[in-house]
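K.L.:
Structure for this input, please:
(one chain, ligands or ions: 2)
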Amino acid sequence: MTRTLLLTGIGELTTHAPGEPRLRDAAMIIAGDRIAWIGQAADAPAADESVSLEGRAVLPGWVDSHTHMVFAGDRSAEFEARMAGQKYAAGGIATTVRATRAASEAELTATLARLRAEALRQGTTFIETKTGYGLDVASEEASARIAAAEADVVTFLGAHVVPEGVDARTYLDLVTGPMLDAVAPWVQFIDVFCERGAFDVDQSREVLEAGRRAGLGLRVHGNQLGHGSGVALAVELGAASVDHCNALTDADIDALAASDTVATVLPACDLSTREPLAPARRLWDAGATVAIATNCNPGTSYTTSMPYCVATAVLQMHLTIEEAVWAATRGGAIALGVADTADAVGMLRVGGRADLQVLDAPSISHLAYRPGVPLTAAVWRAGERVPPGAL
Ligand SMILES: N=CN[C@@H](CCC(=O)O)C(=O)O
Ligand SMILES: [Zn+2]
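P.N.:
Numbers count the residues shown, from 1 in each chain. Ligands and ions are numbered 1, 2, ... in the order given. Modelled structure (predicted):
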């Protein structure tokens, strides 16, 4: 018999069930990896075990839908220079490519596992990560394989930049041919950095179409450093998401609003690169589906903290706390195509996967009201409690 655990004394429960407001004085039963019951604490059935959360808030675990965690090396000198006024450019990626190629698989695995654990301690129960710092067939294959062992979803980003010493045409043939074949067993999505200094719109289309032929879902890094065609291309090809979205025209916003392509904003990256914040408020108001992610990587956003991103989205991008929490959970799940499956994440529902977090606070509002304070009190991932000593 599956043992049941009753979480009672939930001061505020965010489920994201359609039309369901935050529940007060709630309780929940976890059975195995599933949620077996949700309701008022006073109506809770008996369970094998019971834990009182003493008025704390409960919400879905964060879904971090955009990270680059397979890398080696450190770019703090580049970061310092940026804080002293230098502009971010795609060329910094080459530094990490050199370090990543020189690292052993054991080192890359250890870094990824460390970052994954760091994220889990902050409530992230589901994570996507990308290749993109190998940029040759063997290194990209290794990156994809390492990523697949640790992350929930893996994206192939061979088209991050054209590596040093290779011409663009030769590299595109590699990315859309042997490199794609080598990573295909390990990845679910293909991505392209459609930006000045990386790939133009025709090159990006070629990469995405090759990925689609290989059965992969599509994502785009677009409109990060200037007005470009990334968003328009993502919408045209029906990509699952277009990420960054800093420099958008009204037409880009309208196109996103009329599409199923998720607009993923990356608040920590915007601050770390001193780029104008993505217009999350305008996107939301226009009717676009918005996701929030960390973009954890050593160049533009070296953080695993979804709470930091949520606080920034509220304080600086002007989302409400409910919108920001939704974007960092259900929005991320939609971007990864895992919002409406039997194993859906990013929401709490009876029969659904028990991925949830408890805040050391009575309400989700404290995520922005008390920014920078570690508020993660407990985390369950697929029904397994993260050992309290690990938080
Ligand atoms: N923009 C492209 N790729 C990463 C940054 C990579 C880097 O600078 O190392 C990003 O999402 O910000
Ligand atoms: Zn990225």
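K.L.:
Tell me where the stretch 201-350 of the chain has helices.
P.N.:
201-213, 230-236, 250-257, 267-272, 280-286, 306-315, 321-326, 332-335 (DSSP state H, counting those that start in this stretch).
K.L.:
Report the angle between the helix or strand harbouring residue 129 and helix 306-315.
P.N.:
In this structure, residue 129 sits in strand 124-130 according to DSSP states H and E. Put simply, strand 124-130 runs at 90 degrees to helix 306-315, going by axes from the mean of the first three to the mean of the last three C-alpha atoms, to 10 degrees.
K.L.:
partners of strand 124-130, with directions?
P.N.:
Strand 124-130 pairs in its sheet with strand 62-64 (parallel), strand 153-159 (parallel), by DSSP bridges.
K.L.:
In whatever helix or strand comes next after that strand, which residues are buried?
P.N.:
For strand 124-130, the succeeding helix or strand toward the C-terminus, using DSSP H and E, is helix 137-150. Using 16 or more other C-beta atoms under 10 Å as the test for burial, helix 137-150 gives 137, 139, 140, 141, 142, 143, 144, 145, 146, 147, 148, 150. Every C-beta, even on glycine, is put in place using the N, C-alpha and C of the backbone.
K.L.:
So for the closest residue to residue 303 other than its chain neighbours, what's the pLDDT?
P.N.:
Closest residue to residue 303 apart from its sequence neighbours, by C-beta to C-beta, 6 or more residues apart in numbering: residue 268 at 4.9 Å. Looking at residue 268, its pLDDT stands at 98.
K.L.:
Please apply the same query to residue 129.
P.N.:
So residue 129 comes in at 98 (pLDDT).
K.L.:
which residues touch the residue in the chain that ligand 1 sits nearest to?
P.N.:
Nearest residue of the chain to ligand 1: residue 299, at 2.5 Å (C-beta to the nearest ligand atom). Listed by C-beta atoms under 8 Å, 6 or more residues apart in numbering, the contact set of residue 299 reads 75, 78, 88, 92, 93, 95, 96.
K.L.:
For residue 172, see how far away it is.
P.N.:
23 Å (C-beta to C-beta, to the nearest Å).
K.L.:
Residue 189 now?
P.N.:
18 Å.
K.L.:
again with residue 185
P.N.:
Counting by C-beta to C-beta, the gap from residue 185 to residue 172 is 22 Å.
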